[in-house]
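>>> Any chance you can model this:
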Amino acid sequence: MQVTTKAIVLSSIKYGDSSLIVKAYTEKAGLQSYLLKGVLSSRKSKIKAAYFQPLTQLEIVASHKGRGTLEHIREVRANYHYHSIYSDMAKNAIAIFLAEILLKSIGEGEEDTGLFQFLEASFQWLDTHDLVSNFHLYFMIRLSKFLGFYPDISNSDTMYFDLQAGQFVDTPGLNPLLHGTTLYHFKSLLGIKFDALHTVKMAKKERQELLQNLVMYFELHLHGFQKPRSLAILNEVFN
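Numbers count the residues shown, from 1 in each chain. You can find the predicted model right below:
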């Protein structure tokens, strides 16, 4: 079946001497894997390897057989041209980290138009704004809503947030908890919009602590989720 759809690239891995295997989240077919034969060797090819950097927003014409095998892209064009994500060190680190988060969070072929629109708008916002040091934290909290474990914000005036239960609690138990300054910053990010991110003030260590806890939150709620390798790079950039 031939499909024309928007797509956001999550990863590209060299295959053999001249090919790429690309994973992309598509608007019409969810997460898909594509084999791009010869894309690294043919100068005449209309499909260039440069299209497949993390978070690139494309429009593709693809052949989807739906047999659990690698699909094929027949045509591709940029749907949105980033201006700063690949040239700004902090934004590039965020992009690589969030692409890995998405790869570890989304199952193959799970179509969700709302999720796609959220990703598309979020990364365009990242590209066009300068104060982005809290972006990845807020993004992960918002992403949890699409994945089914957004924090229960009732009783949010309590002193603890239970990461395993996904809710605010009065007294600590055996589960991992957010409390103190980390809980304060977590609460500050709940319910705001991207344009208010700069109003949440955190020291570098506080931001790193909250990020570690959000990664743990994903580990607790997503079967098979593993800590992203790019987490260390992201922390290094923001340090």
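
>>> buried sites along stretch 196-216?
Neighbour-count burial for stretch 196-216, counted by 16 or more other CB atoms under 10 Å, picks out 197, 200, 202, 207, 208, 209, 210, 211, 213, 214, 215, 216. Every C-beta, even on glycine, is put in place using the N, C-alpha and C of the backbone.

>>> Show only the entries of the residues you listed found in helices.
Judged by DSSP state H, the subset of those located in helices is 207, 208, 209, 210, 211, 213, 214, 215, 216.

>>> Which single one of these is nearest to residue 225?
Distance ranking of these against residue 225, using CB to CB, places residue 215 first at 8.7 Å.

>>> For stretch 170-183, buried residues please.
177, 178, 182, 183.

>>> Wasn't the third one part of a helix?
Yes: using DSSP: H, G, I helix; E, B strand; the rest coil, the assignment for residue 182 is a helix.

>>> Check which helices and strands the helix or strand harbouring residue 98 sits against.
With secondary structure defined by DSSP states H and E, residue 98 is part of helix 89-105. Of the remaining helices and strands, those touching helix 89-105 by 3 or more CB pairs under 8 Å, 6 or more residues apart in numbering; DSSP states H and E are strand 2-15, helix 113-128, helix 135-147, helix 204-221, helix 231-238.

>>> Just put the ones in helices among the buried residues of stretch 196-216 in JSON lines and tack on pLDDT.
Below are those laid out as JSON lines (pLDDT from 0 to 100):
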{"residue": "207", "pLDDT": "94"}
{"residue": "208", "pLDDT": "95"}
{"residue": "209", "pLDDT": "96"}
{"residue": "210", "pLDDT": "97"}
{"residue": "211", "pLDDT": "97"}
{"residue": "213", "pLDDT": "97"}
{"residue": "214", "pLDDT": "98"}
{"residue": "215", "pLDDT": "97"}
{"residue": "216", "pLDDT": "97"}
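
>>> tell me, how many neighbours does residue 6 end up with?
Residues lying near residue 6 (other CB atoms under 10 Å) number 19.

>>> and if you look at residue 46?
For residue 46, the count of nearby residues is 10 (other CB under 10 Å).

>>> Quick check: pLDDT value at it.
pLDDT recorded at residue 46 is 79.
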